[in-house]
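Asker: Sequence isn't available, so here's the structure alone:
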Ligand code: FAD
Ligand code: SIN
């Protein structure tokens, strides 16, 4: 870790988060600014690192911007913003080219062209991938480039606690240095939230442990508008195995012909959608949910064994190897799978350049809600969105940086009469309770009764956690727990506000779509 002499760390730009959004932004802004990039764990730990299927973009002659935009809009179910969709799609090829220039090696065909995958909701092959380890390849290339950029100081094990905002201008943040157990002031002209998603709020998720919604909670507490939080995307196929912690079975398998079946081998997707296994993700997740409710089983199966074992091993080495470590040979046997929370389509309301409604605070990547995904994200559009928004945010920052001097330091963190936590078990208990209640009451299929039950429970938990937060010296677990509870409340409140079923928000009480699509906006009362 960097040797920091003072507890105050100042920079032109503070980036919080080291996934694709934070790293690609930092690399570009470093040409004309001093950047401090903090991240709460080890630098590669991010959702980005686990991305499997790849990045969607128009990369072949048989595809067009109009088709990619149409697929994105269809998936967004009336709630995507057309101008954002158009820009993101048009920027795709150039942003992918930049990744290749940084050294990302996408898989190629024998003819030396990009080998393009396909997933649910896409009408063309357009997903650039590095086998099934795309995120790892991208994260490694970006980290390598960052390590060579003299204007970027990357500091691990710093968990941002709160943003510091004065007169609606962001001055930086407080962050707990978990190696040295002290709270530092990070002061900057511009602060960029690139803190990723919220998956860990749910019991079953494809997301790693860092995904606790910290950025959304921090921004909400300081008065930023939070948009469309009811749209949690559930991935249909997550490995069902007691030790298979958060392991995803990529949709790219279905793109290559894998089929979903019940324990008797019956293929059921034709009963739900004409596109069968390649129907949009919400349709597939709900179909599996319904099959499981009908049969009482706890998983279904995904079978790719009809493809040659050479193909499977070459195209999906990560999944093949992981499943084999659990005794499942996917070249011969079907894979037990269930749906799991995967992606947050909502977040901090931003423009395409990451601007929030707090001055000098930007948000990019999964933490942000630009309006691209609307009510449901088209597979492989999120890595693309992160790259495009980081690119536009850099242009915006060029202007902002020239306007303002570095802010003065703010007050040091006060622990008051707080003491060391005496019973860590309370944190574990509350964390588990949130994850269970979100899974059981705010899951794939929702109802008024379940949501109201969840609302009551989360209120009690929030009161207890807030009390705890002020009484005890902050720890990483407590910071995350406080954020998880708040983000859970934002999801529940948004789901209660939406009186219809649209995209991935499905309510038994309001099964129809309303004629006009509206965003759900939440802002803290002051
Ligand atoms: P992340 O990559 O999650 O990075 C967030 C960073 O913020 C991390 O470094 C984290 O440690 C840090 N952080 C968080 N809170 C704090 C805090 N309080 N203080 C300091 N640091 C903090 N999308 C696609 O487009 N294609 C795919 O193929 C694909 N596959 C996926 C597979 C899996 C298993 C998962 C989980 C997601 C997948 N996605 C895919 C979604 C995509 O990976 C994410 O949306 C994207 O990587 C988010 O990037 P990000 O930079 O916004 O956040
Ligand atoms: C997958 O590989 O199935 C995940 C793709 C995505 O979430 O975009």
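Answerer: The structure has been received and is ready for your questions. All values derive from a computational prediction rather than experimental measurement. Ligands and ions are numbered 1, 2, ... in the order given.

Asker: burial count for residue 417?
Answerer: By other Cβ atoms under 10 Å, the residues close to residue 417 number 6. Yep, even glycine has a C-beta here, placed from its N, CA and C like the rest.

Asker: now swap in residue 90 and tell me
Answerer: Neighbours around residue 90, by other Cβ under 10 Å: 15.

Asker: And the pLDDT for it?
Answerer: Looking at residue 90, its pLDDT is 98.

Asker: Then residue 423?
Answerer: For residue 423, pLDDT reads 74.

Asker: Tell me if I'm right that residue 446 and residue 504 touch.
Answerer: No. Applying Cβ atoms under 8 Å as the test, residue 446 and residue 504 come out as separate, 10.3 Å apart.

Asker: give the contact list for the residue in the stretch 351-500 of the chain positioned nearest to ligand 1.
Answerer: Residue nearest to ligand 1 within the stretch 351-500 of the chain (Cβ to the nearest ligand atom): residue 365, separated by 2.2 Å. Residue 365 makes contacts with 17, 19-22, 194-196, 382, 385-386, 389-390, as judged by Cβ atoms under 8 Å, 6 or more residues apart in numbering.

Asker: Keep only those that also lie close to ligand 1.
Answerer: By Cβ under 6 Å from any ligand atom, the members of the contacts of residue 365 lying near ligand 1 are 17, 19, 20, 21, 22, 194, 195, 196, 382, 386.

Asker: So in terms of bridging, what pairs with residue 13?
Answerer: residue 35, residue 190 (DSSP bridges).

Asker: Top of the contacts of residue 365 by number of neighbours, please.
Answerer: Neighbour counts for the contacts of residue 365 peak at residue 195, which has 37 neighbours (criterion: other Cβ under 10 Å).

Asker: any idea how far residue 454 is from that one?
Answerer: Plainly put, residue 195 is 24 Å away from residue 454 if you go by Cβ to Cβ, to the nearest Å.

Asker: repeat for residue 127
Answerer: Following Cβ to Cβ, the distance that separates residue 127 from residue 454 is 35 Å.

Asker: Number of residues surrounding the nearest residue to residue 74 once chain neighbours are set aside?
Answerer: Residue nearest to residue 74 in three dimensions, not counting chain neighbours: residue 121, with 7.0 Å by Cβ to Cβ, 6 or more residues apart in numbering. The local packing of residue 121 (other Cβ under 10 Å) involves 26 other residues.

Asker: who's in contact with residue 121?
Answerer: Residue 121 makes contact with 71, 74, 75, 278, 279, 280, 281, 378, 379, according to Cβ under 8 Å, 6+ apart.

Asker: State the helix or strand in which the first one lies.
Answerer: Using DSSP states H and E, residue 71 sits within helix 65-76.

Asker: Tell me which other helices or strands that helix touches.
Answerer: helix 82-101 (3 or more Cβ pairs under 8 Å, 6 or more residues apart in numbering; DSSP states H and E).

Asker: picking that back up, neighbour count for residue 127 and residue 454, which is higher?
Answerer: With neighbours defined as other Cβ under 10 Å, residue 127 and residue 454 compare such that residue 127 has more, 28 against 23.

Asker: How about the residue in the stretch 101-250 of the chain that ligand 2 sits nearest to: what's its closest non-neighbour residue?
Answerer: In the stretch 101-250 of the chain, the residue that lies nearest ligand 2 is residue 250 (3.3 Å; Cβ to the nearest ligand atom). Leaving aside its chain neighbours, residue 250 sits nearest to residue 52 (3.9 Å; criterion: Cβ to Cβ, 6+ apart).

Asker: And the one you found, how close does it get to residue 237?
Answerer: Distance, residue 52 to residue 237, by Cβ to Cβ: 11 Å.

Asker: who's more crowded, the two?
Answerer: Set residue 52 next to residue 237 and count neighbours by other Cβ under 10 Å: residue 237 wins out with 30 against 25.

Asker: what about that one, which SS state?
Answerer: The three-state assignment at residue 237 reads strand, by DSSP: H, G, I helix; E, B strand; the rest coil.

Asker: For the residue of the chain most remote from its centre, report the pLDDT, please.
Answerer: No residue in the chain sits farther from the centre than residue 417, which is 36.1 Å out by Cα atoms, centre = their mean. Looking at residue 417, its pLDDT stands at 71.

Asker: Over to residue 4?
Answerer: 66.

Asker: who touches whatever residue of the stretch 1-150 of the chain ends up closest to ligand 2 in this structure?
Answerer: Nearest residue of the stretch 1-150 of the chain to ligand 2: residue 53, at 3.2 Å (Cβ to the nearest ligand atom). Neighbour list for residue 53: 117, 119, 127, 129, 132, 134, 250, 251, 252, 255, 379, 380 [criterion: Cβ under 8 Å, 6+ apart].

Asker: tell me which element it is part of?
Answerer: Using DSSP H and E, no helix or strand contains residue 53.

Asker: which residues are in contact with the longest helix along the chain?
Answerer: Secondary structure of the chain per DSSP state H: the longest helix is helix 448-471. Contacts of helix 448-471 with the rest of the structure, by Cβ under 8 Å, 6+ apart, involve 416, 418-419, 426-427, 430, 433-434, 437-438, 440-442, 478, 481-482, 485-486, 488-489, 492-493, 495-496, 507, 509.

Asker: Now, of those residues, which are buried?
Answerer: Neighbour counting with 16 or more other Cβ atoms under 10 Å marks 426-427, 430, 433-434, 437-438, 441-442, 478, 481-482, 485-486, 488-489, 492-493, 495-496, 507 as buried within the contacts of helix 448-471.

Asker: Ligand 2 contacts on the stretch 1-150 of the chain?
Answerer: Within reach of ligand 2 by Cβ under 6 Å from any ligand atom, the stretch 1-150 of the chain has these residues: 52, 53.

Asker: residue boundaries of the helices in the stretch 1-150 of the chain?
Answerer: Ranges of helices in the stretch 1-150 of the chain, per DSSP state H, counting those that start in this stretch, are 20-29, 65-76, 82-101, 134-147.

Asker: OK, contacts around the most centrally placed residue in the chain?
Answerer: Residue closest to the average C-alpha location in the chain (Cα atoms, centre = their mean): residue 197, at 3.3 Å. Taking Cβ under 8 Å, 6+ apart, we find residue 197 in contact with 47, 207, 211, 213, 343, 344, 366, 367.

Asker: Would you mind giving both backbone torsions of the first one?
Answerer: In this entry, residue 47 is assigned phi and psi values of phi -60, psi -40 (degrees, to the nearest 10).

Asker: How much space separates it from residue 366?
Answerer: 7 Å.
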